[in-house]
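K.L.:
Here is a sequence together with a model predicted from it:
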Amino acid sequence: MIDKNVWRLLDYSSPDPCMNLAVEEAILRGRLEGGSPNTLRLWQHPPVVSVGCLQDPKVEVDIELCKRLGIAVIRRVSAGGAMYIDEGSLQCSLVSDDKLSPILQDINESYRFFSNGVIDGLRLLGVNAEFRPVNDVTVNNRKISGSAQHRLYNIIIHHSTISVDVDLQILEKVLKVPESKLRSKGFSSIRASVTSIRDELGKDIPIDSVKKALVHGFEKTLGVKFKKGRLTYWEMKLARELYEKKYSTSQWIYEITKPPLQVSSIYRASKGVIRVSMSFHGQTIEKIHISGDFFIHPENAVKELEQSLKGGVLSKEWLEKRIREFFAVKNIKALGVTPEDFARAILTACSDRLSSNI
């Protein structure tokens, strides 16, 4: 019997970043099967760039520079934007069922709810943080933590990255952030848009102190107590399988990497960037690739959306109707992006070519 008022606290890091991701999914699947308790896990990565599951690494990351610097590129199971993470970052993930609170049925509000744990922890350290929808924790409008979720049936994994003393110069060099995204938040550079605990406090803070503060913050937010634990044999066995067959493979990491098609666009929705690459003949869509840092649940619906649009008509009315129907049939939940946004992103990609043919 799982006591939902007592959560397992795991302080476990693998030196292999792909194994760290495999462990996350193993805990998620263990919770779904009923053998794993609700869990808060804290860990650190060696230097990596973690891309969202809907992103194309080659357009989001300077891969050649990462190779020269010895920085691994990994792909997580959740959506959202690419992040540079090193030993100056602290990772935390929460795994629970969605019955923990009625708030969790609303995906937008669930980000705020879980982020309150990070905020309460930072405030215990003297950092006056606040939530910025959809998924950021900020100090004076500068990002200090970001989060993402993956949902498997009724189980949620919500993970956050907290910048303790991350190398912000490297971060700015390896990430390719669209200028439109920075401008929308009032910044001219990546470096200006982010901060760290060290920057805010003007002194070094031991990682262990940050961990303790986060544990207290999440106890307050969730109304639970944490008890130190370890991975089960079943979780570790599954993690090794997921590592070998999924997270460490080039197929998984570069799965969304596609050759450029006839036209492309970068479209800024209210809370996310949609990238479209496509080919068309006349008014008909022949091939289409959609990627970006937007949040959509379930994440694999994007591939199905691409398939449903092939052979479709390049008109605002047809695209919006088709995508709205697709969202409704698949019960898709999106954060900060709408069917109309996807339609506009597609039309933006081919607008110049269509205009020249008129």
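P.N.:
Perfect, I can see it now.
K.L.:
Now do the same contact list for residue 228.
P.N.:
Listed by CB atoms under 8 Å, 6 or more residues apart in numbering, the contact set of residue 228 reads 8, 9, 11. From N, CA and C alone the C-beta is placed, and that goes for glycine too.
K.L.:
Around the second one, how many other residues sit close by?
P.N.:
Spelled out, it's residue 9. Using other CB atoms under 10 Å, residue 9 is surrounded by 19 other residues.
K.L.:
State the helix or strand in which the residue nearest to residue 120 when sequence neighbours are not counted lies.
P.N.:
Spatial nearest neighbour of residue 120, chain neighbours left out: residue 217 (3.5 Å); criterion: CB to CB, 6 or more residues apart in numbering. Using DSSP states H and E, residue 217 sits within helix 207-222.
K.L.:
which helices and strands does that helix pack with?
P.N.:
Here helix 207-222 touches strand 6-11, strand 39-43, strand 89-97, helix 107-124, strand 225-228, going by 3 or more CB pairs under 8 Å, 6 or more residues apart in numbering; DSSP states H and E.
K.L.:
Adding distance to residue 188 and mean pLDDT, write the ones you listed out as CSV.
P.N.:
CSV is the format used below for these (distance: least, CB to CB, whole Å; pLDDT from 0 to 100):
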stretch, distance to residue 188, mean pLDDT
strand 6-11, 38, 98
strand 39-43, 33, 98
strand 89-97, 24, 97
helix 107-124, 26, 97
strand 225-228, 41, 98
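K.L.:
where does the stretch 51-200 of the chain dip in pLDDT?
P.N.:
Scanning the stretch 51-200 of the chain for pLDDT under 70 picks out no residues.
K.L.:
rerun that using 90 as the cut-off
P.N.:
Low-confidence segments of the stretch 51-200 of the chain, defined by pLDDT under 90: 100, 177-191.
K.L.:
Please enumerate the strands of it.
P.N.:
According to DSSP state E, counting those that start in this stretch, the stretch 51-200 of the chain carries its strands in the segments 72-75, 83-85, 89-97, 130-132, 136-139, 142-152, 155-163.
K.L.:
Nearest to residue 310, out of those strands?
P.N.:
The closest approach between residue 310 and any of these, judged by CB to CB, belongs to strand 72-75 at 24.6 Å.
K.L.:
Which elements pack onto the closest one?
P.N.:
Counting contacts by 3+ CB pairs under 8 Å, 6+ apart, strand 72-75 packs against helix 17-33, strand 48-51, helix 63-69, helix 250-253.
K.L.:
which one of those lies closest to residue 329?
P.N.:
helix 17-33 (24.5 Å).
K.L.:
per-residue confidence averaged over the closest one?
P.N.:
Helix 17-33 carries an average pLDDT of 98.
K.L.:
Then stretch 262-277?
P.N.:
93.
K.L.:
what about residue 35, distance to residue 211?
P.N.:
Computed as CB to CB, to the nearest Å, the residue 35 to residue 211 distance reads 26 Å.
K.L.:
Likewise for residue 289?
P.N.:
Plainly put, residue 289 is 40 Å away from residue 211 if you go by CB to CB.
K.L.:
got it, and residue 117?
P.N.:
Residue 117 sits 13 Å away from residue 211, going by CB to CB.
K.L.:
what does residue 340 give?
P.N.:
Residue 340 sits 43 Å away from residue 211, going by CB to CB.
K.L.:
what does residue 292 give?
P.N.:
Distance of residue 292 to residue 211, computed by CB to CB: 32 Å.
K.L.:
circling back to that earlier point, quick check: which of the strands of the stretch 51-200 of the chain is nearest to residue 320?
P.N.:
Proximity to residue 320 (CB to CB) singles out strand 142-152 among the strands of the stretch 51-200 of the chain, at 26.1 Å.
K.L.:
just checking, what packs against the closest one?
P.N.:
Under the contact criterion of 3+ CB pairs under 8 Å, 6+ apart, strand 142-152 touches helix 17-33, helix 107-124, strand 136-139, strand 155-163, helix 190-193, strand 295-297.
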